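In: predicted structure and sequence below. I'll ask about it afterward.
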Amino acid sequence: MFDSLKIKEDFPILKQTVNDEPLIYLDNAATTQKPKQVLQAVQDYYFHDNANVHRGVHTLAERATRSYEESRETVRAFINASSTKEVLFTRGTTTALNWVAKGFGDLVVEEGDEIYITPMEHHSNIVPWQQLAFRKRATLKYLPLTEDAVVDMEKAKEIISEKGKILALCHASNVMGSIHSIPRLAELIHQVGGYIVVDGAQSVPHTKVDVQALNADFFAFSGHKMCGPTGIGVLYGKQALLERMEPVEYGGEMIDFVYDETSTWTELPWKFEAGTPNIAGAIGLKAAIEYLQAIGMDEIERHEQKLMAHLMPQLSDIEGLSIYGPTDHTKRTGIVTFNLDGVHPHDLATAFDMEGIAIRAGHHCAQPLMRYLDTPATARASFYFYNSKEDVDQFVVSLKKIKEFFNNGFI
Ligand code: PMP
């Protein structure tokens, strides 16, 4: 039986008060909290095994290397990659997407080619493609969205042409909460000989992801959004593509031979991992994945769905509240982005903070989307499996109280 109150016990940070109220953390799309098991794994590593990886023959170096590489295997199994050669450790989603745009985009995109993204991408899945388009004199095109905030397949079919080389889009949106059908989009871009790059930052933490079933050519995600440490993330790529892809960083660890004038690269996956990696981060990520798996990704998804089923009807009768994204809560993750008439989202977030509730306000690193929605900013509450039904109720109570406060006193 899923017990979010019991699960909360694993998260020391959640047992505090903020502004004299019990903390309710609803900024999980920005970063998630870390359970004791993850903190312990990182501490154990530094207490007992700290050494550099891949280089030493001494016992600590061997232990550190084993743990680091075991983490890669844990990630591989978690996303069902076919080999650990397909799992690269990065600093996070941003680094992963930049690597693909530079190391692979530069190889396959030529002048006059087309790169497709959507209006609801995070800046980390826009700017690298803009830069690639500049470098190659290629065209960046935005695929239109439906009412439910997913790519409009009919319009996409009209836009995607023989010149299409890359389709880069989010699996789940960090603002709209909507989820893309990746296999259908993969088929579209593969038909014209292009490649699909998926930003999985908001899907991997919340649902079971199978990169082979998705047929993603590249797939990126961040450890810190799934109970792992900051500074560690993953780039998955199909082996044949990673064999072709150029390293983006050069230095130690990624070389085979260094001659006076030239060098050769070592094999996958290390060809991309120049320099001392984030060993503790990888170990923490392994612990995070094991923690999520012990609960069960299906259970996590089901619980978040229940929270949304409980929340959304309560929001629908609040006058002046606009909610972005699909109206049907079964078509969205645990992200609710909203605006309240006449109240700036930053004031909303400050008022929620006074109630001990952490939400986010701003453009959510998605300025093109804000223009698309015709709003400068929004507020966003994002839930995770350690949030309870009581958290949802308190969020609604506070929202109504805040609305009254602004209606009566300030506008
Ligand atoms: N893509 C999406 C959809 C995100 O939500 C985020 C984080 N807000 C990122 C990319 C970037 O992730 P990171 O900052 O961990 O690199």
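Out: Looks like it came in fine. Remember, predicted model here, so these are calculated numbers, not experimental data.

In: could you use CA atoms for every contact and neighbour count after this?
Out: Noted.

In: residues from the stretch 201-350 of the chain in reach of the ligand?
Out: 201-202, 222 (CA under 6 Å from any ligand atom).

In: 5 Å - rerun?
Out: Those residues of the stretch 201-350 of the chain that sit near the ligand, judged by CA under 5 Å from any ligand atom, are 201, 222.

In: any chance you could map the helices in the stretch 201-350 of the chain?
Out: 211-214, 239-244, 279-295, 297-316, 345-354 (DSSP state H, counting those that start in this stretch).

In: what does the second one contact?
Out: Counting by CA atoms under 8 Å, 6 or more residues apart in numbering, the neighbours of helix 239-244 from elsewhere in the structure are 85-86, 104, 217, 268.

In: same thing but 7 Å
Out: Contact with helix 239-244 is made by 85-86, as judged by CA atoms under 7 Å, 6 or more residues apart in numbering.

In: list the buried residues of that helix.
Out: Residues of helix 239-244 classed as buried by neighbour count (16 or more other CA atoms under 10 Å): 239, 242-243.

In: nearest to the ligand, of these?
Out: Closest approach to the ligand among the buried residues of helix 239-244 (CA to the nearest ligand atom): L242, at 20.2 Å.

In: where's the closest one relative to E86, distance?
Out: Note on L242: its distance to E86, by CA to CA, to the nearest Å, is 7 Å.

In: please apply the same query to T17.
Out: 43 Å.

In: so for these two, which sits in the more crowded spot?
Out: Applying other CA atoms under 10 Å to T17 and E86 shows that E86 carries more neighbours, namely 22 against 14.

In: tell me the domain ranges of the chain?
Out: 4-26+296-408, 39-293 (automatic domain parsing).

In: for the last one, what is the average pLDDT?
Out: In other words, domain 39-293. Averaging pLDDT along domain 39-293 yields 98.

In: quick one: terminal-to-terminal distance for it?
Out: End-to-end distance of domain 39-293 (CA to CA): 17 Å.

In: distance between it and the chain's centre?
Out: Averaging C-alpha positions (CA atoms, centre = their mean, to the nearest Å) puts domain 39-293 11 Å from its chain's average.

In: got it, and the first one?
Out: A distance of 18 Å separates the centroid of the chain from that of domain 4-26+296-408, by CA atoms, centre = their mean.

In: endpoints of it, how far apart?
Out: Start-to-end, domain 4-26+296-408 (CA to CA) is 36 Å.

In: related to what we said a few turns ago, and the helices of the stretch 201-350 of the chain, which is most packed in?
Out: Most buried of those, by mean neighbour count (mean count of other CA atoms under 10 Å): helix 279-295, with a mean of 22.

In: tilt between it and helix 297-316?
Out: Helix 279-295 and helix 297-316 are oriented at 80 degrees to each other (axes from the mean of the first three to the mean of the last three CA atoms, to 10 degrees).

In: so which residues make contact with stretch 392-406?
Out: Residues outside stretch 392-406 that contact it (CA under 7 Å, 6+ apart) are 307, 311, 351-352, 355.

In: go through that stretch and flag the buried ones.
Out: Those would be 392, 394-396, 398-399, 402-403, 406, for stretch 392-406 by 16+ other CA under 10 Å.

In: against S263, how distant is the residue lying closest to I335 once chain neighbours are set aside?
Out: The shortest distance from I335 to any non-neighbouring residue, by CA to CA, 6 or more residues apart in numbering, is to S382 (4.3 Å). S382 sits 47 Å away from S263, going by CA to CA.

In: these two: who's more crowded?
Out: Neighbour count, other CA under 10 Å: between S382 and S263, S382 has more, with 24 against 12.

In: check contacts around the more buried one.
Out: Here S382 is in contact with 26-29, 334-336 (CA under 7 Å, 6+ apart).

In: quick one, which residue of the chain lies the farthest from its center?
Out: The C-alpha centroid of the chain is most remote from D260, which lies 40.8 Å away (CA atoms, centre = their mean).

In: list phi and psi for it.
Out: phi -60, psi -40 (degrees, to the nearest 10).

In: quick one: it and T93, what's the gap?
Out: For D260, the distance to T93 (CA to CA) stands at 34 Å.

In: with M312 instead?
Out: Here M312 is placed at a distance of 29 Å from T93 (CA to CA).

In: if I look at the residue nearest to the spatial centre of the chain, how far off is K286?
Out: Centrality entry for the chain: nearest residue to the mean C-alpha point is A201, 1.1 Å, by CA atoms, centre = their mean. Using CA to CA, one gets 17 Å for the distance from A201 to K286.

In: state the number of residues packed around P229.
Out: Residues within reach of P229, counting by other CA under 10 Å, total 26.

In: now do the contacts for it.
Out: Neighbours of P229 in contact, by CA under 7 Å, 6+ apart: 223, 281, 284-285.

In: ok, 6 Å please
Out: G281 (CA atoms under 6 Å, 6 or more residues apart in numbering).

In: please report the distance of it from the ligand.
Out: For P229, the distance to the ligand equals 10 Å [CA to the nearest ligand atom, to the nearest Å].

In: and the closest residue to R360 other than its chain neighbours, bridged to which residues?
Out: Among residues not flanking R360 along the chain, R380 sits closest, at 5.1 Å (CA to CA, 6+ apart). On the basis of DSSP bridges, R380 is bridged to T337, R360.

In: the ligand versus R380, what's the distance?
Out: From R380 to the ligand the distance is 12 Å (CA to the nearest ligand atom).

In: and that residue, how many neighbours?
Out: 31.

In: and what of D3?
Out: There are 13 residues near D3, going by other CA under 10 Å.

In: what does V258 give?
Out: By other CA under 10 Å, 12 other residues sit near V258.

In: could you shift the numbering so residue one becomes 570, and keep it that way?
Out: Sure, I'll start numbering at 570, so the last one becomes V827.

In: quickly list what it is bridged to.
Out: S832.

In: what's the distance between it and Y819?
Out: Separation of V827 from Y819 (CA to CA): 11 Å.

In: how about the residues of the stretch 570-719 of the chain that lie near the ligand?
Out: When proximity is defined as CA under 5 Å from any ligand atom, the stretch 570-719 of the chain approaches the ligand at 599, 661-663, 691.

In: can you flag which of those belong to helices?
Out: Mapping these onto helices (DSSP state H) picks out 662-663.
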